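[1] Return a 3D structure for these sequence lines:
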Amino acid sequence: MNVWTPLFLTFRIALCSTVLAALAGLPLARRFSRRANPLAESALLLPLVLPPTTLGWYLLLLLGRSTAFGRFLERHGIPLVFDWKGAVVAAACVSFPLFFATARTALAGVDPRWEDAARLLGASDTKVFVRVTVPSAARGLVSAAILAFARSIGDFGATLLVAGNIPGRTQTLSIAIYDAFSAGEDRRATALVAVTTVLAYASLLAAHRSLPRRWD
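    Numbering: from 1, shown residues only. Below you'll find the predicted structure:
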């Protein structure tokens, strides 16, 4: 009863997807933390409410082997469809809204007077963001990253459509649970469910503890 292979693969995919979601989400969270744009922000949050299979279908339309961009990636040795890297992209798209929304709230909570004071001392906008804004919102940003990681762990639909179900290569914990259940392997399915639950709960507990407290 092998649960370690999908566990390690899920952990690797979740870590990579969290980094990807953070790289894309932090600049956008900074952009919208001071200037609200409901139309654009709703588009960025759309993956949060779309069925994951719908999101996976959109990804296939953009990155599939029949698309120009998909063929370009494959020619340069970056296949996404039926590859663990595709699972990373799918999980990043699913987890991005959680990171973006949490990071935006954290950045919006930074006192703008601190940033203005740094600018008066001659700091550029980049230095202000790196040395003042990010440290001030650090706990909220850590929480955003942990929530994105937790969401990546549980993705099923988008990952299945883009990366498929290949044991040892793209079979994450959620897909392995479905595979074990379909094969009637109840003991393996139960073990996978238990591991997934513990991992997800630990992630949420860490996110909760990283949230700023008023009395800190």
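
[2] Would you confirm that residue 15 contacts residue 149?
    Yes - the pair residue 15 / residue 149 is scored as a contact, 7.1 Å apart, by Cβ atoms under 8 Å. Every residue, glycine included, has its C-beta placed from N, CA and C.

[3] out of these two, which sits in the more crowded spot?
    Taking neighbours as other Cβ atoms under 10 Å, residue 15 and residue 149 compare with residue 149 leading, 26 against 14.

[4] Quick check, the more buried one in contact with residue 202.
    No - if you go by Cβ under 8 Å, residue 149 and residue 202 don't touch, sitting 10.4 Å apart.

[5] Provide the secondary structure category for residue 39.
    Assigned with DSSP: H, G, I helix; E, B strand; the rest coil, residue 39 falls in the helix class.

[6] Distance of it relative to residue 30?
    18 Å (Cβ to Cβ, to the nearest Å).

[7] Comparing those two, which shows the higher neighbour count?
    Taking other Cβ under 10 Å, residue 39 and residue 30 do not tie; residue 30 has more neighbours (18 against 6).

[8] ok, the more buried one - contacts?
    When contacts are counted by Cβ atoms under 8 Å, 6 or more residues apart in numbering, residue 30 touches 107, 129, 133.

[9] Quickly find the element holding it.
    Secondary structure from DSSP states H and E places residue 30 in helix 4-34.
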